[in-house]
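Asker: here is a sequence together with a model predicted from it:
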4 protein chains.
Amino acid sequence: MTLHTGRHFLQIPGPTNVPDRVLRAMDMPAWDHRGPEFAELGFAVLAGMQRLFRTKQPVIIYPSSGTGAWEAAIVNTLSPDDKVLMVETGQFAVLWHGIASKFKLDIDFIPGDWRHGADIGAIESRLAADRQHKIKAVMVVHNETSTGCVTPPHEVRKAMDRVKHPALLMVDTISGLASMEYEHDAWGIDISVAGSQKGLMTPPGLAFVAANGRAHAAHEHADLRTRYWDWTFRNGEAHYQKYGGTPPEHLLFGLRKALDMLLEEGLDAAIRRHALLAEATRHAVSRWAEGGALAFNIVRAEERANSVTTVLVQGREPNVLADYCRDKCGVVLGRGIGDLQGRAFRIAHMGHVNAPMVFGVLGAVEMALAALGIPHGRGGLQAAVEYLGREVRP
Amino acid sequence: MTLHTGRHFLQIPGPTNVPDRVLRAMDMPAWDHRGPEFAELGFAVLAGMQRLFRTKQPVIIYPSSGTGAWEAAIVNTLSPDDKVLMVETGQFAVLWHGIASKFKLDIDFIPGDWRHGADIGAIESRLAADRQHKIKAVMVVHNETSTGCVTPPHEVRKAMDRVKHPALLMVDTISGLASMEYEHDAWGIDISVAGSQKGLMTPPGLAFVAANGRAHAAHEHADLRTRYWDWTFRNGEAHYQKYGGTPPEHLLFGLRKALDMLLEEGLDAAIRRHALLAEATRHAVSRWAEGGALAFNIVRAEERANSVTTVLVQGREPNVLADYCRDKCGVVLGRGIGDLQGRAFRIAHMGHVNAPMVFGVLGAVEMALAALGIPHGRGGLQAAVEYLGREVRP
Amino acid sequence: MTLHTGRHFLQIPGPTNVPDRVLRAMDMPAWDHRGPEFAELGFAVLAGMQRLFRTKQPVIIYPSSGTGAWEAAIVNTLSPDDKVLMVETGQFAVLWHGIASKFKLDIDFIPGDWRHGADIGAIESRLAADRQHKIKAVMVVHNETSTGCVTPPHEVRKAMDRVKHPALLMVDTISGLASMEYEHDAWGIDISVAGSQKGLMTPPGLAFVAANGRAHAAHEHADLRTRYWDWTFRNGEAHYQKYGGTPPEHLLFGLRKALDMLLEEGLDAAIRRHALLAEATRHAVSRWAEGGALAFNIVRAEERANSVTTVLVQGREPNVLADYCRDKCGVVLGRGIGDLQGRAFRIAHMGHVNAPMVFGVLGAVEMALAALGIPHGRGGLQAAVEYLGREVRP
Amino acid sequence: MTLHTGRHFLQIPGPTNVPDRVLRAMDMPAWDHRGPEFAELGFAVLAGMQRLFRTKQPVIIYPSSGTGAWEAAIVNTLSPDDKVLMVETGQFAVLWHGIASKFKLDIDFIPGDWRHGADIGAIESRLAADRQHKIKAVMVVHNETSTGCVTPPHEVRKAMDRVKHPALLMVDTISGLASMEYEHDAWGIDISVAGSQKGLMTPPGLAFVAANGRAHAAHEHADLRTRYWDWTFRNGEAHYQKYGGTPPEHLLFGLRKALDMLLEEGLDAAIRRHALLAEATRHAVSRWAEGGALAFNIVRAEERANSVTTVLVQGREPNVLADYCRDKCGVVLGRGIGDLQGRAFRIAHMGHVNAPMVFGVLGAVEMALAALGIPHGRGGLQAAVEYLGREVRP
């Protein structure tokens, strides 16, 4: 017997659920990318992205995956053998390390256990020790999608300022932007990297870079620049040149609608919504964890992300639980990746998500825990419901 | 603060959620209704509808609301002053009574309290007393959408057979078909009436009548026949004439896809799915009812429908609860209608629905009960989850 | 070899091409029909329909085909044995006659040859002769979709006024509204009937009736009233009751967008567009007719419709031409129906249509004429292009 | 007065018209990119792309514009200071030159006048003179989208073979694939580059590279490799790794449907369709050219492309003509770019296009020529229609 006929619950940390209005906006004939309507669309989308990043700096849109935007951040500002400081917060930090290696950067990679955010103190010490300012960039992941852990970028900035280190601060906020507080300008971020398929509720295929004046200054001398990612090349007179080839129109149609939706709700309201739904999820997980088999992957409560919760499973194969949820309930959970493969599952609560969707996914997990006989504290979902009932007053 | 951004949870008992695949099938250019592709579509849809009604009899498709199909059932088989037997099971029985009155039928309307199904014994007595067989039709509502109550049509048939009464048995299964067991042929139903917008998961605008040989025989002498509804008129040689004008192509595009989906899942599986999700809902309501303020509208457990559950609320305005669910969670509940206006709310679990959708709506109700301080037994949603965890084995 | 891969050119006189924006507006989740958003939608659509009919009178929307709206016009205002005057202008006049017969009206049917509009003089004579005012209604078809012929409703009104006859004037403008000038109020029409699938660019399934005070006065005493079509029944307090059952939401979603589009373009501009495209088509047909095999079905140029052109074919089976256009070019022409079956084809230039679409269909016909060796004057399409080049100045 | 309400005719050489079925396939919820359904989709799409390229070699799909794929071809196989041979056939050859410069390749750029294809003899001479085989790659554009000119890649291969030169042959067939004959394997192409938005009828955002064993051998030693474009990095065990990050699911949904459509029609039939529609267009242009103001940009008839025709305009601003077509008729022509800016317009007849669409665009141009008083031979559209009438027999 299965109970999955009905709406598909895609609760992985990206791609996230695309709202109907966004899909419908994409479901339209192509436009002449050289015509005035497209220019208007492009300007609207760029302005909307600036509001999401909370920046007055220009934003660059790439037809690419998020990986492409990481590469763009590097090649536009660095040169071979430049020294950079990175922190192993999880799978995506490791991927970023891989890209940097490929470009023959000299990487100082602070090791981590995938259960904590970046160690700000360690970053500060390394920078303090770098008297000659050989380190050209500090690269951190705002929210590690694999582990569900937040590293506060403004704390990194403060540490850099304390030791007066001139390195660029580059932040991957691919699974943070529009789900958690983020301030490109106010926090002093030099380069921010994001993607369309997480909090932005748009299909995958677009990536974004916001870069400030310091980043553009570094760009002047960067020796890794390649044509496709090059900011200067994309700064042509004609609007459509910003896309480095034929603009990905349909994805942009979708993005504009998603931006409209986020700004209609209000970015602060959206961020508060994520906070409440994440906390509801954590109420459920806390209760389940009393049974001994489940645990939060992220040790410190204040580092747990509002976009995704990674749950460790002991004594049972977590994929069996994920399979049950998918096959019996039509709920797709994130699975453990990288070091967490076979050891965890992930509940995404990011993007186009509301209370009943979270109840649906938590209910499916709780149903699976019961059906599979996985030890767990009872009443997790109830705790989530009651928490929200207290927070959301009539 | 609201948490409704995300998927809309439309949990009213019709129109129900339309699956994406059905909407997308409708989102297509019009066809030449006189061409061969359209004929093929029409035959496929009629064959599919026969499978849903479980009949070998022809099915007629009307571009109309369900009300139109009720009217069609009457005008195609009856004449002015014909006597008919009806039972007041709820709002839709009352509406049907209204149509019959308009046609100057002589109506014997067995009164009811809107908390029970039709009294089979009372029907049997009236028929037994009708020695001269003046009663030409017995009209019952399979599932009263307003009250959430089932009247088993085959029990009505048995009662008719016991007293050997030749009246036609007409059944409104608008909110029953494809959600609950229904057997047009095996149960000896003469006329069945259904609509597109409930268990059939298709937008409103199509209504269906299945009629057997006895109904068609009555049709020969019926004096209420009008052109639009007339079965004979719609029986032209050309396929498109079945629609009494330009066929409602896009609704038929959708219906075909919905039929494909139902038959892919299997009609029995879909009916079993509805039974489990309804029972889960009843587990929650039972627990909540322990608080004293809520109660099942339908008194006898065995009469409660698998498509919708009507919940009475005492001491509080139920619309306040429905408003909270809609405004804070994006969950739209059915409200009390007719005699139940201001006294009840309704949870639909019909059509394109699965376990997490039910958890979502039950969670929203439970959140509302808590936030509004409506007395209720705790753990309703948990009871629903645990029930399904027992029933749906890995 | 075929050249039909590409956009489907559906050039039949209904259903017409549905614009992408209309289809996309329909491709949305269902709404609670009892909620405030739906009420707003309903009011917007009714107001828009009043603008199309150019009336301040209420408009009724039926989930039905256009045939249903004809039936509604009759049953809401007439009684059995009422005398009515009708004119055989073509297939749809004949169908309307059939409905009236079914209701046992006493019909005076002025015969016609399907090549002319209604004979206004004949109407006037009959009315003048009816000293006792037994004729309760005059029923004319504004545009005969089968023949491509216009009968000017205001000329009928003037004739009625000249003889001071009090009968109701009922007009079928199903294939006229929004394509040709139409003035429900200014022209003194009592009842106008329309459908969604022609000039309104919306999928079939909705029909409309506009009725003035005289029609509503007649309604009071009409003895043919049935529940589904009854204006009074649909006049309930709650907005959704206007639809006589669950409202056909998705069709209404589409209609609203189509109304928006028509009013954005401007109704006068849309009517002028139809006039130009129709005249371009007639330029082509005139040229082709020089070959002897083709001819306009409508004899008098001033009676030829701006929504569809019916072309007689002599010496060849016109369906062979239509098959070629469909199979080789992906262009679907209307075929002859009723008395014109096997003798004509029809080119629709109605609804969502522009110059290149007309060039596409005319080009396909001209290609077919050449390929099939049907005698025709050369340069028909060129004449159409040059006509528009003269009319549409830079 | 305008006549543009109706279907938008986008007749630019990319992005091309996206078929409804492709758009609808994209208009679907996101999937778990790590699940089995996505793997199946990915394999189906790769197999389909192999059939289009007519290759048994692996195809790589990039989320990027076509420019990205050019960059990928270079970085995966070449090293700084490598010598390459390129030919200035038009705007896209110039762009490719720009990318190569950026990577500090040593470029031998054979100049051209933008009115001819690559000079095969000149290529052969350069290669013959390169005794030391310093030239590592010959890069040609199969179809220059800017000029409408074909360079036959197999003739380039033959020239290379004649002088036994071991350089890689890299071909940009972005606006050639699926519109004109193309044989990656049989013609001995080492690297082929294509994009989604031309003959593939899919929205922009995907680019493709087909590379044979020689190309992969060169890849081993290439020193320009970067992470995003790197073939090896994309060759991970898990299917989704082929996309170098989150796969662009919705674009792939669309691509699969487009491939289905192309293979349903048959690739040969599609290519023949393009040939006929292009020849029809050329019949019109030839006639118009008799007036003296218009001329084919491409001098030699046998070099004119079957996907786009570039028309030179003398004595008048071609954009005025393009504006008329767009504003009055809803037909969007390609405009001159690069050296042809302000001197030409382009008629695309590529992708999802059929005879009536071509008649529509040619009719709009002819209407504009007349309305604007641009000297032209009359009867261009008629010549096109008559040509197709001869070619497409009943």
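Answerer: Looks like it arrived, so ask away.

Asker: does the residue in the stretch 251-394 of chain A that chain D sits nearest to sit in a helix or strand, and which one?
Answerer: Chain D sits closest to A:Val332 of the stretch 251-394 of chain A, with a gap of 4.8 Å, by CB to the nearest CB. C-beta: built from backbone N, CA, C; applies to glycine. Of the helices and strands defined by DSSP states H and E, A:Val332 is found in strand A:331-335.

Asker: partner strands of that strand, parallel or antiparallel?
Answerer: Here strand A:331-335 has these sheet partners by DSSP bridges: strand A:9-11 (parallel), strand A:344-348 (antiparallel).

Asker: number of nearby residues for the residue of the stretch 251-394 of chain A closest to chain D?
Answerer: Neighbour count of A:Val332, defined by other CB atoms under 10 Å in any protein chain shown: 23.

Asker: that one bridge partners, please.
Answerer: The partner list for A:Val332 in beta bridges (DSSP bridges) reads A:Leu10.

Asker: mind listing what it touches?
Answerer: Shown in contact with A:Val332 (CB atoms under 8 Å, 6 or more residues apart in numbering or on different chains): A:His8, A:Phe9, A:Leu10, A:Gln11, A:Ile12, A:Ala322, A:Cys325, A:Arg326, D:Asp32, D:Gly35.

Asker: export these to CSV and tack on distance to D:Cys149, neighbour count and pLDDT?
Answerer: Written out in CSV, the entries for these read as follows (distance: CB to CB, whole Å; neighbours: other CB atoms under 10 Å in any protein chain shown; pLDDT from 0 to 100):
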residue, distance to D:Cys149, neighbour count, pLDDT
A:His8, 48, 20, 92
A:Phe9, 52, 29, 95
A:Leu10, 46, 24, 96
A:Gln11, 52, 30, 96
A:Ile12, 47, 24, 97
A:Ala322, 54, 24, 98
A:Cys325, 56, 26, 97
A:Arg326, 52, 21, 97
D:Asp32, 45, 21, 96
D:Gly35, 45, 16, 93
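
Asker: let me know the closest of the residues you listed to B:Gly42.
Answerer: Proximity of the contacts of A:Val332 to B:Gly42, judged by CB to CB, is greatest for A:His8, which lies at 30.4 Å.

Asker: for chain A, which segments are assigned as helices?
Answerer: According to DSSP state H, chain A carries its helices in the segments A:20-26, A:36-53, A:66-75, A:91-102, A:120-129, A:153-162, A:213-221, A:249-265, A:267-289, A:318-329, A:355-372, A:380-391.

Asker: show me what contacts A:Leu263?
Answerer: With contacts taken as CB under 8 Å, 6+ apart, A:Leu263 has the following neighbours: A:Gly48, A:Arg51.

Asker: so for the closest residue to chain D within the stretch 101-250 of chain A, what's the pLDDT?
Answerer: The nearest approach of the stretch 101-250 of chain A to chain D comes at A:Gly245, 2.6 Å away (CB to the nearest CB). Per-residue confidence for A:Gly245 comes out at a pLDDT of 93.

Asker: surely it and A:Pro63 touch.
Answerer: Yes. At 7.4 Å, A:Gly245 counts as touching A:Pro63 under the criterion of CB atoms under 8 Å.

Asker: quick one: neighbours of the residue of the stretch 101-250 of chain A closest to chain D, just the number.
Answerer: Applying other CB under 10 Å, we find 26 other residues in the vicinity of A:Gly245.

Asker: quick one, what contacts A:Ala100?
Answerer: Going by CB under 8 Å, 6+ apart, A:Ala100 touches A:Ile74, A:Val84, A:Met86, A:Ile107, A:Met139.

Asker: now what about stretch A:228-245, what contacts it?
Answerer: Residues outside stretch A:228-245 that contact it (CB under 8 Å, 6+ apart): A:33-34, A:38-39, A:42-43, A:46, A:60-63, A:68, A:71-72, A:75-76, A:211, A:216, A:219, A:225, A:227, A:246-247, D:64-68, D:71, D:99, D:102, D:195, D:204.

Asker: please consider this matter closed, and thank you.
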